[in-house]
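A.B. asks: sequence isn't available, so here's the structure alone:
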């Protein structure tokens, strides 16, 4: 059954071709023009990768900071104790702790966007795999969220550092800014994101790696990029 689109979406989609990718500057201009909601819409990049998601050596995940940030402050929690916990709190963590924080999450609390953990706290975090994993919130060394510098990681993620992972279809979705951003800043964020994704190409992937890229605002249609 085809998705039912709103009249706003249909109007915004007029004139946008699915078969003819646009240069980045034209795509960004179009996305900004079609972001007509009453709030400052987020801008997201969707990257289609030719990877076999059933093979562990072809999975793509990680974290990095955009040149101009995302325009969004993230709620970060930290599994750490002692001085590291105090520093994490000072750096913007909304909650810090160990076993107590683990239990709070097991009891159904998920009022956060990123979870950071010190390696020695993984004995508590490991119990949360079944609840955090499906939500994409499970701390991982590969994404930079399991680190001995937990307080520093809190500061970076609270400021808008991106954490990403491919979905089961091989797509990677990234927040790259707000519709209110200057076009040049949006373009630089998109270019930085694509460079980073290329830089972490799994060695097991042969042939074409990035097979499609599109950019869209929260309420707007996707615009294909020529890359």
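C.D. replies: That came through fine. Just so we're clear, the structure is a prediction, and the values are computed from it rather than from any experiment.
A.B. asks: so for the spatially closest residue to residue 132 that is not a sequence neighbour, what's the pLDDT?
C.D. replies: Distances taken as Cβ to Cβ, 6 or more residues apart in numbering put residue 138 closest to residue 132, at 4.1 Å, once the chain neighbours are dropped. Every residue, glycine included, has its C-beta placed from N, CA and C. The predicted local distance difference test score for residue 138 is 95.
A.B. asks: using the three-state scheme, assign residue 138.
C.D. replies: Using DSSP: H, G, I helix; E, B strand; the rest coil, the secondary structure recorded for residue 138 is coil.
A.B. asks: domain-wise, how is this protein divided?
C.D. replies: The chain is divided into the following domains under automatic domain parsing: 7-68+163-224, 76-159.
A.B. asks: could you export those as CSV, including mean neighbour count?
C.D. replies: Converted to CSV, these look like this (neighbours: other Cβ atoms under 10 Å):
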stretch, mean neighbour count
domain 7-68+163-224, 16
domain 76-159, 18
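A.B. asks: for the residue nearest to residue 132, which residues are in contact?
C.D. replies: 115, 125, 128, 129, 132 (Cβ atoms under 8 Å, 6 or more residues apart in numbering).
A.B. asks: just residue 35 next, same as before
C.D. replies: Taking Cβ under 8 Å, 6+ apart, we find residue 35 in contact with 41, 43, 179, 217, 218, 219, 220.
A.B. asks: let me know the pLDDT of it.
C.D. replies: Looking at residue 35, its pLDDT stands at 94.
A.B. asks: tell me how far it lies from residue 221.
C.D. replies: Plainly put, residue 35 is 11 Å away from residue 221 if you go by Cβ to Cβ, to the nearest Å.
A.B. asks: picking that back up, worst mean pLDDT among the domains of the chain?
C.D. replies: In terms of mean pLDDT, the lowest-scoring of these is domain 7-68+163-224 (a mean of 91).
A.B. asks: so what secondary structure elements neighbour the longest helix seen in the chain?
C.D. replies: The helix spanning the most residues in the chain, taking DSSP state H as the definition, is helix 183-199. For helix 183-199, the elements it packs on are helix 24-34, strand 42-49, strand 61-64, strand 171-178, strand 210-217, judged by 3 or more Cβ pairs under 8 Å, 6 or more residues apart in numbering; DSSP states H and E.
A.B. asks: what sits against the residue nearest to residue 58 when sequence neighbours are not counted?
C.D. replies: When the adjacent residues along the chain are set aside, residue 58 lies closest to residue 51, with 4.4 Å between them (Cβ to Cβ, 6+ apart). Each residue near residue 51 by Cβ under 8 Å, 6+ apart is listed here: 58, 59, 60, 166, 170, 202, 205, 209.
A.B. asks: and what of residue 200?
C.D. replies: Applying Cβ under 8 Å, 6+ apart, we find residue 200 in contact with 60, 62.
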